[in-house]
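> after the sequence you'll find the predicted model.
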Amino acid sequence: MVIDTSAIVAIALDETLADHARDYVEAASSANTRRAYAADWKHFTTWCRRQHLDALPPDPQVVRLYITACASGSTVGTASRGKKPNSVSTIERRLSSLSWNYAQRGQSFDRKDRHIATVMAGIRNSHATPPRQKEAILPEDLTAMLETLDRGTLRGLRDRAMLLLGFAGGLRRSEIVGLDVGRDQTEDGRGWIEVLDKGVLVRLRGKTGWREAEISRGSSDATCPVVALQTWLKLAKIVHGPLFRRVTGQGKQVGANRLNDQEVARLVKKAILAAGLRGDLSKDERVQKFSGHSLRAGLTSSAKVAERQSTSSSVMSRPK
């Protein structure tokens with residue numbers, strides 16, 4: 001009996017390539033995105049089961065009924081009627097989730113099918129609201145917010161580092177909590193930091209690829225993002241894994257788990273209120289106006305102000 005070794009090698013190679021392909025598919029979407037897609041698929045299949053409909057194969061008519069139920073707040077059956085309807089953005093995310101989940105099962109799903117597109121257009125027209133513009137945090141606002149944090153606890157030191165790093169790097173809240181101490185240290189990491197003599201280099205993985213943010217040392221240790229970061233790492237004794245973690249035990253014990261990005265938004269809102277910023281507004285109005293994005297918007301606003309001041313000085317000093 002002659003064994004065809006070339007065929008065995010080819011099969012093994014195919015299996016290896018298939019494994020690599022699956023790895024690349026996993027890497028194409030963040031862990032948070034995959035969790036959201038899984039939750040949305042479970043939501044959809046549960047609704048289908050209770051309506052005695054089939055989730056597979058994909059049927060535009062079924063999806064049309066599903067997004068209609070999402071918009072009307074009745075996706076879990078008659079018992080939940082009167083519940084708050086899903087927002088337009090949530091419904092659009094659910095459609096993206098269905099597309100992704102069907103693709104993983106080798107099923108073709110066209111979210112632009114007229115049955116779906118027509119209903120989705122009606123939902124946007126009826127339920128869409130203009131996005132709330134979040135107010136930017138300016139340097140003087142950030143200084144006031146930092147003063148409200150307790151420097152005697154690890155939680156206070158962590159929060160200080162998060163605010164300063166997020167502001168100086170113009171980072172999204174998901175990018176802040178997605179950072180690791182070093183490269184390729186966790187599966188769900190979205191980037192890592194590198195502390196240099198002149199500052200910190202932040203490498204980030206976004207939807208369109210990798211980018212870098214260079215953060216310089218500040219003129220004062222009290223407001224320097226690099227000093228805040230180094231202090232947090234040293235006292236929290238973090239040398240590997242997630243950069244920003246949960247702190248328990250009255251702010252004195254550091255856990256192993258990564259923070260949720262919602263914690264950044266809560267931190268910003270809490271510090272804004274504690275600092276008494278925008279006292280002309282009510283508490284609810286201030287909570288609505290500021291979010292984690294306010295840190296990112298603050299860097300942009302500060303840069304525009306600096307650019308205007310530089311241009312003004314240049315014009316004023318120009319010889320006549």
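That came through, no problem.

> tell me where the stretch 151-300 of the chain has helices.
154-169, 173-177, 225-236, 262-275, 283-289, 293-317 (DSSP state H, counting those that start in this stretch).

> export those to CSV and tack on mean pLDDT?
Listed next are the helices of the stretch 151-300 of the chain as CSV, based on pLDDT from 0 to 100:
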stretch, mean pLDDT
helix 154-169, 94
helix 173-177, 92
helix 225-236, 96
helix 262-275, 91
helix 283-289, 79
helix 293-317, 46
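
> what about residue 67, helix or strand, and which?
Using DSSP states H and E, residue 67 sits within helix 60-72.

> which residues touch that helix?
For helix 60-72, contacts defined as C-beta atoms under 8 Å, 6 or more residues apart in numbering pick out 44, 47-48, 51, 53-55, 75, 85-86, 90-91, 94-95, 98, 109-111, 113-116, 119-120, 123, 126-127. All C-beta atoms are positioned from the backbone trio N, CA, C, and that covers glycine.

> now with 6 Å?
Residues outside helix 60-72 that contact it (C-beta atoms under 6 Å, 6 or more residues apart in numbering) are 47, 53, 75, 85-86, 91, 113, 115-116, 119, 123.

> could the helices of the stretch 151-300 of the chain go into JSON lines alongside mean neighbour count?
Below are the helices of the stretch 151-300 of the chain laid out as JSON lines (neighbours: other C-beta atoms under 10 Å):
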{"stretch": "helix 154-169", "mean neighbour count": "24"}
{"stretch": "helix 173-177", "mean neighbour count": "24"}
{"stretch": "helix 225-236", "mean neighbour count": "19"}
{"stretch": "helix 262-275", "mean neighbour count": "19"}
{"stretch": "helix 283-289", "mean neighbour count": "14"}
{"stretch": "helix 293-317", "mean neighbour count": "14"}
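
> about what we covered before: next SSE downstream of the helix holding residue 67?
Where DSSP H and E defines the elements, the next helix or strand beyond helix 60-72 is helix 88-104.

> tell me, how many residues neighbour residue 46?
A total of 14 residues lie near residue 46 under the criterion other C-beta atoms under 10 Å.

> for my notes, please list the helices of the stretch 151-300 of the chain in a markdown table and give distance to residue 144 for each entry.
Output for the helices of the stretch 151-300 of the chain, formatted as a markdown table (distance: least, C-beta to C-beta, whole Å):
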| stretch | distance to residue 144 |
| --- | --- |
| helix 154-169 | 11 |
| helix 173-177 | 20 |
| helix 225-236 | 16 |
| helix 262-275 | 4 |
| helix 283-289 | 13 |
| helix 293-317 | 13 |
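
> for those helices, which one sits closest to residue 102?
helix 173-177 (25.5 Å; C-beta to C-beta).

> pull the residues that contact that closest one.
Outside helix 173-177, the residues that reach it (C-beta under 6 Å, 6+ apart) are 162, 166, 204, 244, 259, 261, 264, 292.

> try it again at 7 Å.
Residues outside helix 173-177 that contact it (C-beta atoms under 7 Å, 6 or more residues apart in numbering) are 162, 165-166, 190-191, 204, 244, 258-261, 263-265, 292.

> what's the answer for stretch 244-261, then?
Applying C-beta under 7 Å, 6+ apart, the external contacts of stretch 244-261 come out as 153-156, 158, 162, 173-174, 176-177, 188, 236, 238, 241-242, 292.

> still on that earlier bit, just the buried residues of the contacts of helix 60-72.
47, 75, 85-86, 91, 116, 119, 123 (16 or more other C-beta atoms under 10 Å).

> ok, the residues you listed vs residue 37, which is closest?
residue 91 (14.5 Å).

> that closest one reaches residue 121, doesn't it?
No - the pair residue 91 / residue 121 is not scored as a contact, 11.9 Å apart, by C-beta atoms under 7 Å.

> sorry, back to before: identify the farthest-apart pair in the buried ones among the contacts of helix 60-72.
Maximum pairwise distance in the buried ones among the contacts of helix 60-72, criterion C-beta to C-beta, is 17.5 Å, between 85 and 116.

> residue ranges with poor pLDDT in the stretch 101-250 of the chain?
Residues of the stretch 101-250 of the chain meeting the criterion pLDDT under 70: 128-133.

> please enumerate the strands of it.
Shown for the stretch 101-250 of the chain, the strands assigned by DSSP state E, counting those that start in this stretch span residues 179-180, 191-195, 199-206, 209-216, 245-248.

> what residues sit buried inside the last one?
It stands for strand 245-248. Going by neighbour count (16+ other C-beta under 10 Å), the buried part of strand 245-248 is 245-247.

> which one of the residues you listed is nearest residue 274?
Once C-beta to C-beta is applied, the member of the buried residues of strand 245-248 that ends up nearest residue 274 is residue 247, at 17.6 Å.

> not counting sequence-adjacent ones, nearest residue to the closest one?
Spatially, and ignoring its direct neighbours in sequence, residue 247 is nearest to residue 155 (4.2 Å; C-beta to C-beta, 6 or more residues apart in numbering).
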